[in-house]
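A.B. asks: Below is the structure, and that's it, no one-letter string:
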């Protein structure tokens, strides 16, 4: 079977459409709700799902995602349960490309080779490990390539051009561009210098670039998708889930507004 992420990015390029990638913390507010949101996101026009594995000591996550991760950890969410949840969604017809976002410690504890095989079998299409740089992921990278699991890398405004070039070359599916300096979290304003940084990055690679970190409003999503191949929204979605207090409709309404903003260009 073809990798869904690669196929999706190729389809979007052919249609000249922008990508909307939505983030969920696996197990927040419950695994059942996570599965319901995933299915609802697909029906609402989301192109890619980034499924965050809850971790106690994140490096890149701000307070919103930290809160959701702790709530999931308090329920005993583990790798096997997340894999089982996605496998169930795939059996029920979920066709969205799904990326496993995790720090390396849980993967190392599970066993890297075992994890890659299990992730692909469950239906994951890519993996994003923010604390595993290319210099240290040779063995893990080989396993991913062997089983067709895309590795996605982050490039930040502070990344030097030679390193950005190396990260872009290693990234598969798309490049995750961090729009701001600091951790994840919804922001009222996007940094003014993002235009300059993106212009430099586009000279470095022809691969699709999706912008994440800080994207929270439809206007921001629209503006940033105009500068890139699409956007990734995480903390703002988690905030909507928290405000909804178990209700699905308000979250899906927010998702549809964001999708329209990206797709209406």
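C.D. replies: Nice, I can see it. Fair warning: this is a prediction, and the values are worked out from it, not measured in the lab.
A.B. asks: only C-alpha atoms for contact and neighbour calcs from this point on.
C.D. replies: Will do.
A.B. asks: Ramachandran angles for residue 21?
C.D. replies: Main-chain dihedrals, residue 21, degrees, to the nearest 10: phi -110, psi 130.
A.B. asks: beta partners for it?
C.D. replies: Counting by DSSP bridges, residue 21 is bridged to residue 48, residue 232.
A.B. asks: In contact with it, which residues are there?
C.D. replies: 46, 47, 48, 49, 50, 230, 231, 232, 233 (C-alpha atoms under 8 Å, 6 or more residues apart in numbering).
A.B. asks: Please report how far the fourth one lies from residue 13.
C.D. replies: Same thing as residue 49. The gap separating residue 49 from residue 13 is 18 Å, by C-alpha to C-alpha, to the nearest Å.
A.B. asks: what's the following helix or strand after the host helix or strand of residue 202?
C.D. replies: If you go by DSSP states H and E, residue 202 is part of helix 194-204. Note on helix 194-204: by DSSP H and E, the next helix or strand toward the C-terminus is strand 209-212.
A.B. asks: Need the residues that contact that next one.
C.D. replies: With contacts defined as C-alpha under 8 Å, 6+ apart, strand 209-212 is touched by 19, 174-179, 224-225, 228-234.
A.B. asks: Quick one: end-to-end distance for stretch 52-71.
C.D. replies: Rule used - C-alpha to C-alpha; the end-to-end distance of stretch 52-71 is 13 Å.
A.B. asks: Check stretch 23-36 too.
C.D. replies: 14 Å.
A.B. asks: Can you list the buried residues in that stretch?
C.D. replies: Residues 23, 24, 25, 26, 27, 28, 29, 30, 31, 33, 34, 35 are the ones in stretch 23-36 that count as buried (16 or more other C-alpha atoms under 10 Å).
A.B. asks: tell me how far the helix holding residue 202 is from the chain's mean position?
C.D. replies: The chain centroid and the centroid of helix 194-204 are separated by 21 Å under C-alpha atoms, centre = their mean, to the nearest Å.
A.B. asks: same question, stretch 90-106
C.D. replies: 10 Å.
A.B. asks: what pLDDT, on average, does it get?
C.D. replies: Throughout stretch 90-106, pLDDT has a mean value of 97.
A.B. asks: which residues are in contact with that stretch?
C.D. replies: Outside stretch 90-106, the residues that touch it by C-alpha under 8 Å, 6+ apart are 4-5, 8, 39, 42, 46-55, 58, 79, 122-132.
A.B. asks: same thing with stretch 253-265?
C.D. replies: 17-20, 41, 44-46, 217-219, 221-222, 225-226, 230-231, 237, 240.
A.B. asks: again with stretch 26-41
C.D. replies: 22, 24-25, 49, 51-54, 68-69, 71-73, 75, 77, 82, 85-86, 89, 94, 241, 246, 248, 252, 255.
A.B. asks: What mean pLDDT does it get?
C.D. replies: The pLDDT scores in stretch 26-41 average 97.
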